[in-house]
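give the three-dimensional model of this entry:
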Amino acid sequence: MLELLRRWLGRHRPQIPPETWQRVEARLPFLEFLETHERARLRELATGVLAHKQFHGAHEFALDDDMMLAIALQAALPVYRLGLDAYRGWVGIVVYPGDIVIPRSEVDEAGIVHEFDDEVLGEAWEAGPVLLSWHDDEGRPDGVNVVIHEFAHKLDMANGGADGLPPLPAGMSVEAWARDFGAAYEALCRQVDMGLPTMLDPYAAEHPAEFFAVASEAFFETPQALRAAYPAVYAQLARFFGLDPAANLERRAS
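Numbers count the residues shown, from 1 in each chain. Reported below is the predicted structural model:
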């Protein structure tokens, strides 16, 4: 961890200067939907991420304070309602310079093992670290938020393997969640099979867990589009995350 961040941490959560918050948040324009009290809570959660998680740069990648704070802010969004306890049981965040290449092996129907390199933007390991690729502003893929995606997977894994049904907070119905997400996932799969354009990245059709993670990205990155395409899913995520970005943006525009 960098020396400046060490001084911030001390024995307590980091005391981050206002100008640092402003500089980093300016590079995350999708955070503009936040109301003043929501931004204050997000910052509090982000300092908790910095205090309780261990950041590592892969392949000697040098992380700076702005990078770590940007990751912490985005990681805090999915637990805005749930709190940091939702991320208990693991500590590592490993950041790669650019895309991540992970060796894979698969056995086909004939029993033949195929080995290959899988190039990914991120990966969450159950009870293990979160792997993230870092792209500068020019190299970051449009409409993609790998941090939110992988931390949504972490929430999904909290009750076992990722299946698109994370542990829900009190007052939310498992049956209603399964109904709304199941219907939307099936509709997306039909669109993808027919070669039709989709609001969500077609990768969301790979598995219900990917649908949840991709929908979580869209909830924060393109909330009004997600609400228009999948209103029931949007409503479930608004309750789960404790935020309503689309409504906030509409109030700002009126």
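
kindly export whichever strand or helix holds H149 (C-alpha atoms) in PDB.
Element membership of H149 [criterion: DSSP states H and E] is helix 146-156. The C-alpha trace of helix 146-156 is given here as PDB (Å, rounded to 0.1, in the frame of the first residue of the first chain):
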ATOM      1  CA  VAL A 146     -15.900  -4.200 -14.200                       C
ATOM      2  CA  VAL A 147     -15.800  -3.100 -10.500                       C
ATOM      3  CA  ILE A 148     -19.500  -3.100 -10.000                       C
ATOM      4  CA  HIS A 149     -19.800  -6.300 -12.000                       C
ATOM      5  CA  GLU A 150     -17.300  -8.300 -10.000                       C
ATOM      6  CA  PHE A 151     -18.500  -7.000  -6.600                       C
ATOM      7  CA  ALA A 152     -22.000  -7.900  -7.600                       C
ATOM      8  CA  HIS A 153     -20.700 -11.400  -8.100                       C
ATOM      9  CA  LYS A 154     -19.200 -11.300  -4.600                       C
ATOM     10  CA  LEU A 155     -22.700 -10.500  -3.200                       C
ATOM     11  CA  ASP A 156     -24.200 -13.300  -5.200                       C
END
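
hmm, Y234 and A184 touching each other?
No. Counting by C-beta atoms under 8 Å, A184 does not reach Y234; the two are 9.6 Å apart. Backbone N, C-alpha and C define where each C-beta goes, glycine included.

which neighbours do the two have in common?
With contacts defined as C-beta atoms under 8 Å, 6 or more residues apart in numbering, no residue is shared by A184 and Y234.

what's the single longest helix in the chain?
Of all the segments of type helix in the chain, defined by DSSP state H, the longest one is helix 174-193.

what sits up against that helix?
Residues contacting helix 174-193 (C-beta under 8 Å, 6+ apart): 164-165, 168, 197-198, 200, 202, 204-205, 208, 211-212, 215, 230, 232-233, 235-236.

buried members of those residues into ChimeraX, please.
Written as a ChimeraX command, the selection of buried residues from these, which uses 16 or more other C-beta atoms under 10 Å, is:
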select :164,165,168,200,204,205,208,211,212,215,230,233,236
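
any idea how many residues pack against R179?
Neighbour count of R179, defined by other C-beta atoms under 10 Å: 13.

so how far is M172 from it?
R179 is 12 Å from M172, where distance means C-beta to C-beta, to the nearest Å.

same check, this time on A205
From A205 over to M172 the distance is 24 Å, taken as C-beta to C-beta.

quick check: the gap between L196 and L243.
Taking C-beta to C-beta, one finds L196 at 30 Å from L243.

kindly report the same for S254.
For S254 relative to L243 (C-beta to C-beta), the value is 19 Å.

same deal with P17?
Taking C-beta to C-beta as the criterion, P17 is separated from L243 by 26 Å.

check Y234 too.
The spacing between Y234 and L243, counted by C-beta to C-beta, is 11 Å.
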